[in-house]
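Trainee: sequence-free structure coming up:
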């Protein structure tokens, strides 16, 4: 497993992630959960750090997959905080909106981290963006992120907006599923 995680080919490198996600779901709240998360971080953090700034397209896809895995399965606080901060800059929370803060391959993980970690203020900014970004990947990621809201009031607000048809076609489908592979 460890050798595969450092392999240059993206498909080989991420193959163990499925098993680790499964084990993490079995261990959630149980003894051993923290050990598995530390193992997962040790396995993938260095590889992520190596490819995250690459200009190679395949490396960028791999970096996005590893970043989401580290943030949501391994629960790497540094990676998750970085996603939330980039998402906040992207939507303009606490300052002017910075569209370059996120690339489309990071939309889903960053927006989900933002909704879950930054709460109502971020949630409101994400709702405000609405249809102002003409990108189907953003629309899908926004819907998934809104559907992944963990605060009770926000979850109820998503449900109400989705039922009213106010969030666009993606949200009506995705919010029912809550999340894609974010955990």
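Mentor: Everything's here; your move. It should be emphasised that the depicted structure is a prediction, and the values quoted were computed from it without experimental measurement.
Trainee: buried stuff in the helix or strand where residue 19 lies?
Mentor: Per DSSP states H and E, residue 19 falls inside helix 10-27. Residues of helix 10-27 classed as buried by neighbour count (16 or more other C-beta atoms under 10 Å): 10, 13-14, 16-17, 20-21, 23-24. From N, CA and C alone the C-beta is placed, and that goes for glycine too.
Trainee: what's the domain layout of this protein?
Mentor: What automatic domain parsing lists as the domains of the chain is 1-75, 77-183.
Trainee: winner for burial among those domains?
Mentor: domain 77-183 (a mean of 18; mean count of other C-beta atoms under 10 Å).
Trainee: could you dump the domains of the chain into JSON lines and include mean pLDDT?
Mentor: Below are these laid out as JSON lines (pLDDT from 0 to 100):
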{"stretch": "domain 1-75", "mean pLDDT": "87"}
{"stretch": "domain 77-183", "mean pLDDT": "85"}
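Trainee: show residues contacting the longest helix seen in the chain.
Mentor: Criterion DSSP state H: the longest helix present in the chain is helix 107-129. Residues from elsewhere that reach helix 107-129, judged by C-beta atoms under 8 Å, 6 or more residues apart in numbering: 64, 67-68, 71-72, 80-81, 83-84, 86-88, 90-93, 102, 137-138, 140-142, 144-146, 148-151, 153-154, 157, 161, 167, 179-180, 182.
Trainee: could you say what helices and strands the one helix or strand residue 145 maps to packs with?
Mentor: Under the criterion of DSSP H and E, residue 145 resides in helix 136-147. Packed against helix 136-147 by the contact rule (3 or more C-beta pairs under 8 Å, 6 or more residues apart in numbering; DSSP states H and E) you find helix 107-129, helix 169-177.
Trainee: for residue 37, find the nearest of these.
Mentor: Distance to residue 37, taken as C-beta to C-beta, is lowest for helix 107-129 among these, at 16.1 Å.
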